[in-house]
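A.B. asks: turn this into a structure:
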Amino acid sequence: MAGIGFELRKLLKRDSLLGLVQAYAYAGIISSGPWVLSILGILVIGLMSVSIVVPNFLITQFQVSVTYIIAFSLVLTGLVQLAFTRFTADRLFEKRSEMILPNFNGLLLSVTAVSGGLGVLAILFLFPQESLLYRLLMLTGFVTVSNIWVATIFLSGMKEYKAILILFGVGYGMTVALALLLRAWGLEGLLAGFVLGQFVLLLGMIILILRNYPSSHFISFEFVEKRYLYPTLVAVGFFYNLGIWVDKFMFWAWPATSQEIIGPLRASVIYDIPVFLAYLSIIPGMAVFLVKMETDFVEYYDRFYDAVRSGGSLEHIEDMRNEMVYIVRQGIYQIVKIQTLVVLALLVTGSWLLQAVGISELYLPLLFVNLVSASLQVVFLGLLNVFFYLDKRRVVLALTAGFVFLNGGFTFITLWLGPKFYGYGFALALLVVIMIAMRLLDRKLDALEYDTFMLQ
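C.D. replies: Below you'll find the predicted structure:
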(Lines give C-alpha, C1' and ligand atoms only; values in the text may rest on other atoms or scores of the structure.)
Protein backbone atom coordinates (compact mmCIF):
# COMPACT_ATOMS: atom_id res chain seq x y z
CA MET A 1 0.00 0.00 0.00
CA ALA A 2 1.34 3.43 -0.94
CA GLY A 3 0.40 7.08 -0.85
CA ILE A 4 -1.98 7.96 1.95
CA GLY A 5 -1.15 4.85 3.98
CA PHE A 6 2.49 5.92 4.27
CA GLU A 7 1.53 9.50 5.15
CA LEU A 8 -0.92 8.40 7.85
CA ARG A 9 1.50 5.91 9.40
CA LYS A 10 4.20 8.60 9.45
CA LEU A 11 1.90 10.94 11.38
CA LEU A 12 0.73 8.23 13.78
CA LYS A 13 4.32 7.14 14.55
CA ARG A 14 4.87 10.45 16.32
CA ASP A 15 2.80 8.94 19.15
CA SER A 16 1.46 12.33 20.19
CA LEU A 17 -1.92 13.98 20.36
CA LEU A 18 -0.86 16.42 17.64
CA GLY A 19 0.18 13.59 15.34
CA LEU A 20 -3.14 11.82 15.93
CA VAL A 21 -5.14 14.98 15.20
CA GLN A 22 -3.07 15.65 12.07
CA ALA A 23 -3.62 12.07 10.82
CA TYR A 24 -7.40 12.26 11.20
CA ALA A 25 -7.55 15.77 9.76
CA TYR A 26 -5.46 14.66 6.76
CA ALA A 27 -7.67 11.63 6.24
CA GLY A 28 -10.83 13.71 6.49
CA ILE A 29 -9.61 16.27 3.96
CA ILE A 30 -8.39 13.63 1.52
CA SER A 31 -11.47 11.41 1.74
CA SER A 32 -14.10 14.15 1.64
CA GLY A 33 -12.33 17.19 0.22
CA PRO A 34 -13.18 16.79 -3.48
CA TRP A 35 -16.92 16.34 -3.07
CA VAL A 36 -17.15 19.03 -0.36
CA LEU A 37 -15.40 21.44 -2.75
CA SER A 38 -17.85 20.40 -5.47
CA ILE A 39 -20.93 21.03 -3.37
CA LEU A 40 -19.66 24.26 -1.85
CA GLY A 41 -18.61 25.54 -5.27
CA ILE A 42 -22.11 25.11 -6.68
CA LEU A 43 -23.66 26.73 -3.58
CA VAL A 44 -21.28 29.70 -3.70
CA ILE A 45 -22.13 30.30 -7.36
CA GLY A 46 -25.81 30.38 -6.45
CA LEU A 47 -25.44 32.62 -3.40
CA MET A 48 -23.20 35.16 -5.15
CA SER A 49 -25.42 35.33 -8.23
CA VAL A 50 -28.69 36.23 -6.48
CA SER A 51 -28.36 39.96 -7.10
CA ILE A 52 -27.23 39.56 -10.72
CA VAL A 53 -29.23 36.68 -12.18
CA VAL A 54 -32.90 37.63 -12.35
CA PRO A 55 -35.24 35.91 -11.75
CA ASN A 56 -33.76 33.88 -8.89
CA PHE A 57 -35.46 30.79 -10.30
CA LEU A 58 -32.69 30.71 -12.93
CA ILE A 59 -30.19 29.93 -10.16
CA THR A 60 -32.31 26.98 -9.11
CA GLN A 61 -32.41 25.83 -12.73
CA PHE A 62 -28.61 26.01 -12.87
CA GLN A 63 -28.11 24.06 -9.63
CA VAL A 64 -30.64 21.39 -10.61
CA SER A 65 -29.09 21.05 -14.08
CA VAL A 66 -25.66 20.49 -12.54
CA THR A 67 -27.08 18.02 -10.02
CA TYR A 68 -28.57 15.90 -12.82
CA ILE A 69 -25.28 16.01 -14.73
CA ILE A 70 -23.41 14.76 -11.66
CA ALA A 71 -25.98 12.09 -10.74
CA PHE A 72 -26.36 10.48 -14.17
CA SER A 73 -22.65 10.71 -15.00
CA LEU A 74 -21.83 8.89 -11.74
CA VAL A 75 -24.30 6.09 -12.45
CA LEU A 76 -23.10 5.73 -16.05
CA THR A 77 -19.37 5.67 -15.27
CA GLY A 78 -19.96 3.32 -12.36
CA LEU A 79 -19.90 0.60 -15.02
CA VAL A 80 -16.17 1.16 -15.63
CA GLN A 81 -14.76 2.77 -12.49
CA LEU A 82 -13.92 -0.30 -10.41
CA ALA A 83 -13.22 -2.59 -13.35
CA PHE A 84 -10.60 -0.27 -14.82
CA THR A 85 -9.03 0.35 -11.40
CA ARG A 86 -8.55 -3.42 -11.07
CA PHE A 87 -7.14 -3.61 -14.61
CA THR A 88 -4.60 -0.89 -13.76
CA ALA A 89 -3.62 -2.47 -10.43
CA ASP A 90 -3.06 -5.85 -12.10
CA ARG A 91 -0.86 -4.36 -14.81
CA LEU A 92 1.25 -2.54 -12.21
CA PHE A 93 1.63 -5.82 -10.28
CA GLU A 94 2.82 -7.46 -13.49
CA LYS A 95 5.24 -4.52 -14.04
CA ARG A 96 3.56 -3.71 -17.36
CA SER A 97 2.90 -0.04 -16.69
CA GLU A 98 3.31 0.78 -20.39
CA MET A 99 -0.21 -0.65 -20.91
CA ILE A 100 -1.87 1.83 -18.57
CA LEU A 101 -1.85 5.05 -20.59
CA PRO A 102 -3.06 3.55 -23.92
CA ASN A 103 -5.93 1.77 -22.17
CA PHE A 104 -6.81 4.88 -20.18
CA ASN A 105 -7.03 6.81 -23.46
CA GLY A 106 -9.18 4.02 -24.87
CA LEU A 107 -11.46 4.23 -21.84
CA LEU A 108 -11.79 8.01 -22.15
CA LEU A 109 -12.71 7.65 -25.80
CA SER A 110 -15.31 4.99 -24.95
CA VAL A 111 -16.83 7.05 -22.13
CA THR A 112 -16.89 10.14 -24.36
CA ALA A 113 -18.65 8.22 -27.14
CA VAL A 114 -21.27 6.62 -24.88
CA SER A 115 -21.98 9.69 -22.74
CA GLY A 116 -21.98 11.87 -25.86
CA GLY A 117 -24.42 9.57 -27.64
CA LEU A 118 -26.79 9.46 -24.68
CA GLY A 119 -26.42 13.21 -24.21
CA VAL A 120 -27.30 13.95 -27.84
CA LEU A 121 -30.47 11.86 -27.53
CA ALA A 122 -31.39 13.70 -24.33
CA ILE A 123 -30.94 17.21 -25.72
CA LEU A 124 -32.80 16.32 -28.92
CA PHE A 125 -35.90 14.77 -27.34
CA LEU A 126 -36.06 15.97 -23.71
CA PHE A 127 -35.30 19.70 -23.99
CA PRO A 128 -37.10 20.88 -27.14
CA GLN A 129 -38.16 24.20 -25.57
CA GLU A 130 -34.73 25.20 -24.23
CA SER A 131 -32.17 27.33 -26.04
CA LEU A 132 -29.59 25.66 -28.27
CA LEU A 133 -26.76 27.04 -26.11
CA TYR A 134 -28.26 25.53 -22.96
CA ARG A 135 -28.60 22.13 -24.61
CA LEU A 136 -25.03 22.20 -25.97
CA LEU A 137 -23.67 23.19 -22.55
CA MET A 138 -25.59 20.35 -20.87
CA LEU A 139 -24.17 17.89 -23.41
CA THR A 140 -20.61 19.19 -22.98
CA GLY A 141 -20.94 19.21 -19.19
CA PHE A 142 -22.25 15.64 -19.09
CA VAL A 143 -19.39 14.32 -21.23
CA THR A 144 -16.75 16.29 -19.31
CA VAL A 145 -17.96 15.29 -15.84
CA SER A 146 -18.25 11.64 -16.92
CA ASN A 147 -14.58 11.71 -17.93
CA ILE A 148 -13.68 13.42 -14.64
CA TRP A 149 -15.17 10.56 -12.62
CA VAL A 150 -13.13 8.06 -14.62
CA ALA A 151 -9.93 10.04 -14.09
CA THR A 152 -10.72 10.56 -10.39
CA ILE A 153 -11.27 6.89 -9.66
CA PHE A 154 -8.14 6.04 -11.66
CA LEU A 155 -6.01 8.48 -9.66
CA SER A 156 -7.63 7.31 -6.40
CA GLY A 157 -6.70 3.73 -7.23
CA MET A 158 -3.13 4.90 -7.78
CA LYS A 159 -3.20 6.68 -4.38
CA GLU A 160 -2.84 10.17 -5.90
CA TYR A 161 -5.04 11.66 -3.16
CA LYS A 162 -3.14 14.93 -2.75
CA ALA A 163 -3.13 15.54 -6.49
CA ILE A 164 -6.88 14.93 -6.70
CA LEU A 165 -7.57 17.38 -3.87
CA ILE A 166 -5.36 20.08 -5.40
CA LEU A 167 -6.88 19.60 -8.85
CA PHE A 168 -10.43 19.76 -7.48
CA GLY A 169 -9.50 22.92 -5.58
CA VAL A 170 -8.12 24.56 -8.72
CA GLY A 171 -10.91 23.23 -10.94
CA TYR A 172 -13.77 24.36 -8.72
CA GLY A 173 -12.00 27.63 -7.99
CA MET A 174 -12.00 28.22 -11.73
CA THR A 175 -15.61 27.04 -11.93
CA VAL A 176 -16.75 29.58 -9.34
CA ALA A 177 -14.68 32.42 -10.84
CA LEU A 178 -15.82 31.80 -14.42
CA ALA A 179 -19.47 31.31 -13.45
CA LEU A 180 -19.44 34.59 -11.54
CA LEU A 181 -17.79 36.39 -14.45
CA LEU A 182 -20.44 35.07 -16.86
CA ARG A 183 -23.47 35.29 -14.55
CA ALA A 184 -24.78 38.40 -16.27
CA TRP A 185 -25.78 36.09 -19.16
CA GLY A 186 -28.18 34.27 -16.89
CA LEU A 187 -28.62 30.50 -16.83
CA GLU A 188 -26.40 29.90 -19.86
CA GLY A 189 -23.65 32.08 -18.36
CA LEU A 190 -23.63 30.15 -15.07
CA LEU A 191 -23.64 26.83 -16.90
CA ALA A 192 -20.84 27.95 -19.23
CA GLY A 193 -18.70 28.86 -16.21
CA PHE A 194 -19.33 25.42 -14.72
CA VAL A 195 -18.45 23.61 -17.95
CA LEU A 196 -15.25 25.61 -18.51
CA GLY A 197 -14.12 25.02 -14.92
CA GLN A 198 -14.78 21.28 -15.26
CA PHE A 199 -12.76 21.22 -18.47
CA VAL A 200 -9.81 22.80 -16.64
CA LEU A 201 -10.14 20.14 -13.92
CA LEU A 202 -10.22 17.31 -16.47
CA LEU A 203 -7.27 18.75 -18.37
CA GLY A 204 -5.20 18.87 -15.17
CA MET A 205 -6.00 15.23 -14.40
CA ILE A 206 -5.06 14.09 -17.90
CA ILE A 207 -1.75 15.97 -17.74
CA LEU A 208 -0.94 14.31 -14.40
CA ILE A 209 -1.71 10.86 -15.80
CA LEU A 210 0.33 11.49 -18.96
CA ARG A 211 3.29 12.55 -16.83
CA ASN A 212 3.17 9.55 -14.48
CA TYR A 213 2.42 6.78 -16.99
CA PRO A 214 4.37 7.32 -20.22
CA SER A 215 3.96 4.84 -23.06
CA SER A 216 5.04 4.36 -26.65
CA HIS A 217 1.43 3.53 -27.67
CA PHE A 218 -1.35 6.10 -27.66
CA ILE A 219 -4.57 4.08 -27.49
CA SER A 220 -5.63 0.52 -26.73
CA PHE A 221 -8.81 -1.33 -25.78
CA GLU A 222 -7.28 -4.34 -24.06
CA PHE A 223 -9.21 -3.52 -20.87
CA VAL A 224 -12.39 -4.91 -22.46
CA GLU A 225 -10.79 -8.25 -23.37
CA LYS A 226 -12.26 -11.21 -21.51
CA ARG A 227 -8.98 -12.15 -19.82
CA TYR A 228 -8.69 -8.67 -18.28
CA LEU A 229 -12.35 -7.88 -17.59
CA TYR A 230 -14.11 -8.49 -14.27
CA PRO A 231 -17.88 -8.48 -14.92
CA THR A 232 -18.60 -8.51 -11.19
CA LEU A 233 -16.75 -5.22 -10.75
CA VAL A 234 -18.63 -3.72 -13.70
CA ALA A 235 -21.93 -4.60 -12.01
CA VAL A 236 -20.80 -3.56 -8.53
CA GLY A 237 -19.77 -0.08 -9.69
CA PHE A 238 -23.12 0.42 -11.40
CA PHE A 239 -25.25 -0.94 -8.54
CA TYR A 240 -23.42 0.99 -5.82
CA ASN A 241 -23.85 4.36 -7.55
CA LEU A 242 -27.44 3.58 -8.53
CA GLY A 243 -28.21 2.48 -4.98
CA ILE A 244 -26.97 5.80 -3.61
CA TRP A 245 -29.13 7.81 -6.02
CA VAL A 246 -32.27 5.71 -6.53
CA ASP A 247 -34.20 7.23 -3.62
CA LYS A 248 -33.31 10.74 -4.85
CA PHE A 249 -34.52 9.86 -8.35
CA MET A 250 -37.80 8.61 -6.91
CA PHE A 251 -38.37 11.74 -4.82
CA TRP A 252 -37.67 13.83 -7.91
CA ALA A 253 -40.18 11.86 -9.98
CA TRP A 254 -42.94 11.65 -7.33
CA PRO A 255 -45.42 14.51 -7.99
CA ALA A 256 -46.23 15.13 -4.32
CA THR A 257 -42.58 15.66 -3.34
CA SER A 258 -41.17 17.53 -6.32
CA GLN A 259 -41.71 20.36 -8.77
CA GLU A 260 -40.79 21.04 -12.38
CA ILE A 261 -37.61 23.08 -12.75
CA ILE A 262 -36.53 23.07 -16.39
CA GLY A 263 -37.64 20.79 -19.22
CA PRO A 264 -38.06 17.27 -17.80
CA LEU A 265 -35.84 18.01 -14.79
CA ARG A 266 -37.56 18.03 -11.42
CA ALA A 267 -36.27 18.66 -7.89
CA SER A 268 -37.44 17.93 -4.35
CA VAL A 269 -36.55 20.79 -2.02
CA ILE A 270 -38.01 19.03 1.03
CA TYR A 271 -35.72 16.03 0.46
CA ASP A 272 -32.65 17.38 -1.33
CA ILE A 273 -31.48 19.98 1.20
CA PRO A 274 -31.80 17.74 4.31
CA VAL A 275 -29.88 15.04 2.42
CA PHE A 276 -27.17 17.56 1.54
CA LEU A 277 -26.84 18.69 5.16
CA ALA A 278 -26.74 15.07 6.31
CA TYR A 279 -23.94 14.16 3.91
CA LEU A 280 -21.74 16.89 5.34
CA SER A 281 -21.92 14.99 8.65
CA ILE A 282 -20.03 11.95 7.33
CA ILE A 283 -16.66 13.72 7.08
CA PRO A 284 -15.53 12.54 10.58
CA GLY A 285 -16.70 8.99 9.88
CA MET A 286 -14.88 8.93 6.55
CA ALA A 287 -11.70 10.10 8.29
CA VAL A 288 -11.93 7.29 10.87
CA PHE A 289 -12.68 4.77 8.13
CA LEU A 290 -9.67 5.82 6.05
CA VAL A 291 -7.25 5.84 9.00
CA LYS A 292 -8.33 2.42 10.24
CA MET A 293 -8.32 0.78 6.82
CA GLU A 294 -5.05 2.26 5.54
CA THR A 295 -3.06 1.75 8.75
CA ASP A 296 -4.16 -0.91 11.25
CA PHE A 297 -6.11 -3.21 8.92
CA VAL A 298 -3.56 -3.08 6.09
CA GLU A 299 -0.75 -3.89 8.55
CA TYR A 300 -2.31 -7.13 9.77
CA TYR A 301 -3.67 -7.96 6.32
CA ASP A 302 -0.08 -7.87 5.00
CA ARG A 303 1.20 -9.84 7.98
CA PHE A 304 -1.40 -12.56 7.45
CA TYR A 305 -0.57 -13.12 3.79
CA ASP A 306 3.17 -12.75 4.41
CA ALA A 307 2.87 -15.56 6.95
CA VAL A 308 0.99 -17.69 4.41
CA ARG A 309 3.54 -17.09 1.66
CA SER A 310 6.57 -17.61 3.90
CA GLY A 311 5.29 -20.83 5.48
CA GLY A 312 4.52 -19.45 8.93
CA SER A 313 3.09 -21.66 11.64
CA LEU A 314 -0.65 -22.22 11.79
CA GLU A 315 -0.72 -20.58 15.22
CA HIS A 316 0.93 -17.42 13.85
CA ILE A 317 -1.39 -17.34 10.84
CA GLU A 318 -4.43 -17.67 13.12
CA ASP A 319 -3.08 -14.89 15.37
CA MET A 320 -2.80 -12.54 12.39
CA ARG A 321 -6.30 -13.51 11.27
CA ASN A 322 -7.64 -12.78 14.76
CA GLU A 323 -5.94 -9.38 14.75
CA MET A 324 -7.59 -8.60 11.39
CA VAL A 325 -10.99 -9.53 12.82
CA TYR A 326 -10.36 -7.37 15.87
CA ILE A 327 -9.32 -4.37 13.77
CA VAL A 328 -12.39 -4.70 11.53
CA ARG A 329 -14.71 -4.79 14.53
CA GLN A 330 -12.94 -1.90 16.23
CA GLY A 331 -13.02 0.13 13.01
CA ILE A 332 -16.77 -0.34 12.59
CA TYR A 333 -17.32 0.43 16.28
CA GLN A 334 -15.29 3.65 16.02
CA ILE A 335 -17.18 4.75 12.90
CA VAL A 336 -20.48 4.17 14.72
CA LYS A 337 -19.19 6.00 17.81
CA ILE A 338 -17.91 9.09 16.01
CA GLN A 339 -20.98 9.32 13.77
CA THR A 340 -23.24 9.02 16.80
CA LEU A 341 -21.52 12.02 18.37
CA VAL A 342 -21.83 13.99 15.13
CA VAL A 343 -25.52 13.10 14.79
CA LEU A 344 -26.19 14.17 18.39
CA ALA A 345 -24.44 17.48 17.77
CA LEU A 346 -26.49 18.12 14.63
CA LEU A 347 -29.69 17.14 16.40
CA VAL A 348 -29.08 20.03 18.78
CA THR A 349 -28.38 22.51 15.96
CA GLY A 350 -30.86 21.04 13.45
CA SER A 351 -33.51 23.75 13.87
CA TRP A 352 -30.96 26.50 13.30
CA LEU A 353 -29.59 24.76 10.18
CA LEU A 354 -33.04 24.43 8.60
CA GLN A 355 -33.84 28.06 9.36
CA ALA A 356 -30.53 29.12 7.78
CA VAL A 357 -31.40 27.42 4.47
CA GLY A 358 -35.02 28.57 4.54
CA ILE A 359 -36.78 25.27 5.27
CA SER A 360 -39.57 24.81 7.79
CA GLU A 361 -38.74 23.10 11.08
CA LEU A 362 -41.50 20.64 10.19
CA TYR A 363 -38.83 18.81 8.19
CA LEU A 364 -36.59 18.36 11.23
CA PRO A 365 -37.54 14.65 11.58
CA LEU A 366 -36.51 14.11 7.94
CA LEU A 367 -33.11 15.69 8.67
CA PHE A 368 -32.64 13.37 11.65
CA VAL A 369 -33.45 10.29 9.57
CA ASN A 370 -31.06 11.42 6.83
CA LEU A 371 -28.30 11.93 9.40
CA VAL A 372 -28.70 8.32 10.50
CA SER A 373 -28.79 7.16 6.87
CA ALA A 374 -25.58 9.00 5.98
CA SER A 375 -23.83 7.45 8.99
CA LEU A 376 -25.03 3.99 8.02
CA GLN A 377 -23.67 4.56 4.53
CA VAL A 378 -20.17 5.05 5.94
CA VAL A 379 -20.47 1.74 7.81
CA PHE A 380 -21.67 0.03 4.64
CA LEU A 381 -18.75 1.45 2.68
CA GLY A 382 -16.34 0.18 5.33
CA LEU A 383 -17.77 -3.33 5.14
CA LEU A 384 -17.61 -3.36 1.33
CA ASN A 385 -13.99 -2.27 1.52
CA VAL A 386 -13.09 -5.26 3.73
CA PHE A 387 -14.79 -7.63 1.27
CA PHE A 388 -12.78 -6.06 -1.55
CA TYR A 389 -9.55 -6.65 0.37
CA LEU A 390 -10.57 -10.30 0.72
CA ASP A 391 -11.45 -10.38 -3.02
CA LYS A 392 -15.05 -11.42 -2.33
CA ARG A 393 -16.44 -9.72 -5.41
CA ARG A 394 -19.58 -11.84 -5.67
CA VAL A 395 -20.51 -11.02 -2.08
CA VAL A 396 -20.11 -7.29 -2.82
CA LEU A 397 -22.19 -7.71 -5.97
CA ALA A 398 -25.01 -9.37 -4.02
CA LEU A 399 -24.91 -6.68 -1.32
CA THR A 400 -24.93 -3.73 -3.74
CA ALA A 401 -27.64 -5.25 -5.93
CA GLY A 402 -29.72 -5.91 -2.81
CA PHE A 403 -29.13 -2.32 -1.74
CA VAL A 404 -30.58 -1.02 -5.02
CA PHE A 405 -33.73 -3.11 -4.82
CA LEU A 406 -34.27 -2.56 -1.08
CA ASN A 407 -33.75 1.19 -1.35
CA GLY A 408 -36.08 1.42 -4.33
CA GLY A 409 -38.74 -0.79 -2.72
CA PHE A 410 -38.66 0.78 0.73
CA THR A 411 -38.58 4.31 -0.71
CA PHE A 412 -41.67 3.57 -2.80
CA ILE A 413 -43.50 2.34 0.30
CA THR A 414 -42.56 5.46 2.28
CA LEU A 415 -43.68 7.73 -0.57
CA TRP A 416 -47.02 5.93 -0.62
CA LEU A 417 -47.39 6.14 3.18
CA GLY A 418 -46.81 9.91 3.28
CA PRO A 419 -44.55 12.65 4.69
CA LYS A 420 -44.14 11.09 8.16
CA PHE A 421 -42.23 8.20 6.60
CA TYR A 422 -40.01 10.13 4.13
CA GLY A 423 -36.36 9.14 4.41
CA TYR A 424 -36.96 5.88 6.25
CA GLY A 425 -36.66 3.83 3.05
CA PHE A 426 -33.00 4.74 2.52
CA ALA A 427 -32.18 4.18 6.21
CA LEU A 428 -33.96 0.84 6.41
CA ALA A 429 -32.34 -0.43 3.19
CA LEU A 430 -28.88 0.41 4.55
CA LEU A 431 -29.65 -1.17 7.91
CA VAL A 432 -30.74 -4.43 6.28
CA VAL A 433 -27.72 -4.73 3.98
CA ILE A 434 -25.35 -3.83 6.84
CA MET A 435 -26.78 -6.61 9.03
CA ILE A 436 -26.45 -9.09 6.16
CA ALA A 437 -22.92 -7.86 5.38
CA MET A 438 -21.80 -8.26 9.01
CA ARG A 439 -23.14 -11.80 9.12
CA LEU A 440 -21.41 -12.73 5.86
CA LEU A 441 -18.16 -11.09 6.96
CA ASP A 442 -18.11 -13.11 10.17
CA ARG A 443 -18.43 -16.30 8.14
CA LYS A 444 -15.76 -15.28 5.62
CA LEU A 445 -13.26 -14.31 8.30
CA ASP A 446 -13.89 -17.54 10.22
CA ALA A 447 -13.10 -19.51 7.05
CA LEU A 448 -10.24 -17.27 5.92
CA GLU A 449 -7.50 -19.91 6.34
CA TYR A 450 -9.55 -22.48 4.43
CA ASP A 451 -10.29 -20.05 1.60
CA THR A 452 -6.64 -19.01 1.42
CA PHE A 453 -5.14 -22.49 1.26
CA MET A 454 -7.83 -24.65 -0.36
CA LEU A 455 -9.36 -22.40 -3.00
CA GLN A 456 -6.17 -21.31 -4.80
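A.B. asks: and residue 276, how far from residue 89?
C.D. replies: Remark: distance between residue 276 and residue 89 (CB to CB, to the nearest Å) = 33 Å. C-beta here means a position set from N, CA and C on the backbone, and glycine is covered the same way.
A.B. asks: against residue 103, how distant is residue 90?
C.D. replies: The gap separating residue 90 from residue 103 is 11 Å, by CB to CB.
A.B. asks: more crowded one of those two?
C.D. replies: Taking other CB atoms under 10 Å, residue 90 and residue 103 do not tie; residue 103 has more neighbours (23 against 13).
A.B. asks: just checking, what packs against the longest helix along the chain?
C.D. replies: Longest helix in the chain, counting residues (DSSP state H): helix 314-356. Secondary-structure packing of helix 314-356 (3 or more CB pairs under 8 Å, 6 or more residues apart in numbering; DSSP states H and E): helix 269-280, helix 283-291, helix 298-309, helix 364-389, helix 424-446, helix 448-454.
A.B. asks: residue 117 is nearest to which of those helices?
C.D. replies: Nearest to residue 117, of all these, is helix 269-280, at 28.6 Å by CB to CB.
A.B. asks: next, the angle from the strand or helix carrying residue 73 to helix 269-280.
C.D. replies: Applying DSSP states H and E as the criterion places residue 73 in helix 57-93. Angle, helix 57-93 to helix 269-280, by axes from the mean of the first three to the mean of the last three CA atoms, to 10 degrees: 40 degrees.
A.B. asks: now helix 57-93: buried residues?
C.D. replies: By neighbour count on 16 or more other CB atoms under 10 Å, the buried set for helix 57-93 is 58-88, 91.
A.B. asks: about what we covered before: highest mean neighbour count out of the helices and strands packed on helix 314-356?
C.D. replies: Ranked by mean neighbour count, the helices and strands packed on helix 314-356 are led by helix 283-291 with a mean of 23 (mean count of other CB atoms under 10 Å).
A.B. asks: ok now the longest helix of the chain, how far from the chain's centre?
C.D. replies: Put simply, helix 314-356 sits 19 Å off its chain's centre (CA atoms, centre = their mean, to the nearest Å).
A.B. asks: please shift the residue numbers so they start at 645 in all later answers.
C.D. replies: All set: I'll call the first residue 645, so the last point we hit is now helix 958-1000.
A.B. asks: what is the rounded mean pLDDT of that helix?
C.D. replies: Helix 958-1000 shows a mean pLDDT of 82 in the predicted model.
A.B. asks: the inter-axis angle of it versus helix 1008-1033?
C.D. replies: Angle of helix 958-1000 versus helix 1008-1033, following the same axes, to 10 degrees, is 150 degrees.
A.B. asks: can you pull the contacts of the residue lying farthest from the centre of the chain?
C.D. replies: Ranked by distance from the centre of the chain (CA atoms, centre = their mean), the top residue is residue 957, with 40.3 Å. Shown in contact with residue 957 (CB atoms under 8 Å, 6 or more residues apart in numbering): no residues.
A.B. asks: kindly report the same for residue 814.
C.D. replies: Counting by CB under 8 Å, 6+ apart, residue 814 touches 844, 845, 848.
A.B. asks: go on, residue 1096?
C.D. replies: 949, 952.
A.B. asks: now do the strands in the stretch 795-944 of the chain.
C.D. replies: Counting by DSSP state E, counting those that start in this stretch, the stretch 795-944 of the chain has strands at residues 903-906, 909-911.
A.B. asks: of the ones you listed, which stretch is the most buried?
C.D. replies: The most buried one of those (mean count of other CB under 10 Å) is strand 909-911, showing a mean of 20.
A.B. asks: quick check: closest non-adjacent residue to residue 1076.
C.D. replies: Distances taken as CB to CB, 6 or more residues apart in numbering place residue 1050 nearest to residue 1076, at 5.7 Å, with adjacent residues excluded.
A.B. asks: and the one you found, what helix or strand is that in?
C.D. replies: Residue 1050 belongs to helix 1037-1061, assigned by DSSP H and E.
A.B. asks: pLDDT on that helix, on average?
C.D. replies: Taken as a whole, helix 1037-1061 has a mean pLDDT of 96.
A.B. asks: how about it: buried residues?
C.D. replies: 1037, 1039-1048, 1050-1052, 1054-1055, 1058-1059.
A.B. asks: now for that helix, which elements pack on it?
C.D. replies: By 3+ CB pairs under 8 Å, 6+ apart, helix 1037-1061 packs against helix 875-897, helix 1008-1033, helix 1068-1090.
A.B. asks: give me that answer again for 10 Å
C.D. replies: Counting contacts by 3 or more CB pairs under 10 Å, 6 or more residues apart in numbering; DSSP states H and E, helix 1037-1061 is packed against helix 701-737, helix 875-897, helix 1008-1033, helix 1068-1090.
A.B. asks: for the second one, the distance to its chain's centre please.
C.D. replies: Read that as helix 875-897. The answer for helix 875-897 is 11 Å, by CA atoms, centre = their mean.
A.B. asks: flag every buried residue along that helix.
C.D. replies: So for helix 875-897, counting by 16+ other CB under 10 Å, buried means 876-896.
A.B. asks: any weak-confidence spans in the stretch 645-794 of the chain?
C.D. replies: By pLDDT under 70, the weakly predicted segments of the stretch 645-794 of the chain are 645-681, 690-699.
A.B. asks: rerun that using 80 as the cut-off
C.D. replies: Within the stretch 645-794 of the chain, the stretches with pLDDT under 80 are 645-701.
A.B. asks: how many other residues sit next to residue 981?
C.D. replies: There are 12 residues near residue 981, going by other CB under 10 Å.
A.B. asks: oh, that last question was meant for residue 815, not what I typed.
C.D. replies: Residue 815: 24 neighbours (other CB under 10 Å).
A.B. asks: pretty sure it contacts residue 807?
C.D. replies: No - in this structure residue 815 lies outside contact range of residue 807 using CB atoms under 10 Å: 11.8 Å.
A.B. asks: can you work out which residues contact both of the two?
C.D. replies: Both residue 815 and residue 807 are contacted by 848, 849, under the criterion CB atoms under 10 Å, 6 or more residues apart in numbering.
A.B. asks: show me how this structure divides into domains.
C.D. replies: 675-873, 920-1098 (automatic domain parsing).
A.B. asks: okay, those domains in CSV with distance to residue 907 next?
C.D. replies: Formatted as CSV, the domains of the chain follow (distance: least, CB to CB, whole Å):
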stretch, distance to residue 907
domain 675-873, 4
domain 920-1098, 23
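A.B. asks: looking at those domains, which is closest to residue 914?
C.D. replies: So among those, domain 920-1098 is nearest, using CB to CB, at 5.8 Å.
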